[in-house]
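1. coords please:
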Amino acid sequence: MRLNQQLQSVSERVNGLVEKVLLVAGVAISLILFVQVLARYLGESLSWSEEIGRYLLVATTFLGATVAYKRAHFIGLAGFGARFGRLVEQIIVRGLQLLTLGCFGLITWFGTIYTVNAWDQTSTAVQMPMSLPIAAVPLSGLIFLLHILADMTKPKVATP
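-> Numbers count the residues shown, from 1 in each chain. Down below sits the predicted model:
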């Protein structure tokens, strides 16, 4: 199996897994918020609900961005270079891919360092290591890197 096919396959499987995780996280956020409202209506307060809901929302944002990239739902510069010819357009696309690769490489690198350094810190209500919610940043960065590399290795389709 060629490198491109392997990267595409892994990229698709990871994206499918992330979509399932996002579904579970979305349902969990909804249930937590519903229980929180119900508890407040009954005169109780769930100290952990806001914290867990916030962490799930942050993870959903970062992981959801990887799915949006994979599905090509970001605002892009498609066709910007078409005015100047196919070659210029390909150069612009490749340049943007390299810049994006570098950006998410840095996010992954520094996110990993920050995650490791935050292990000794604990959250206020749940007392879990802060590395767990922060890990969404380098994890999503790695997923972005995978998707970008899969895009970069796609064979170019010749257009007439």
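
2. in this protein, which helix or strand is least confident?
-> helix 86-117 (a mean of 91; mean pLDDT, DSSP states H and E).

3. Please list the outside residues in contact with whichever helix or strand comes after that helix.
-> Using DSSP states H and E, the helix or strand that follows helix 86-117 towards the C-terminus is helix 131-134. Helix 131-134 is contacted from outside by 55, 58-59, 111, 114-116, 118-119, 121, 123, using Cβ atoms under 8 Å, 6 or more residues apart in numbering. In short, each C-beta sits where N, CA and C put it, glycine included.

4. Now do the buried residues in helix 131-134.
-> For helix 131-134, a neighbour-count test (16 or more other Cβ atoms under 10 Å) marks 131, 133-134 as buried.

5. go on, stretch 25-39?
-> Within stretch 25-39, the residues that count as buried by 16+ other Cβ under 10 Å are 25, 29, 32, 36.

6. With stretch 121-132 instead?
-> Buried residues in stretch 121-132 (16+ other Cβ under 10 Å): 123, 129-131.

7. same question, stretch 139-153
-> Buried residues in stretch 139-153, counting neighbours by 16+ other Cβ under 10 Å, are found at 139-151.
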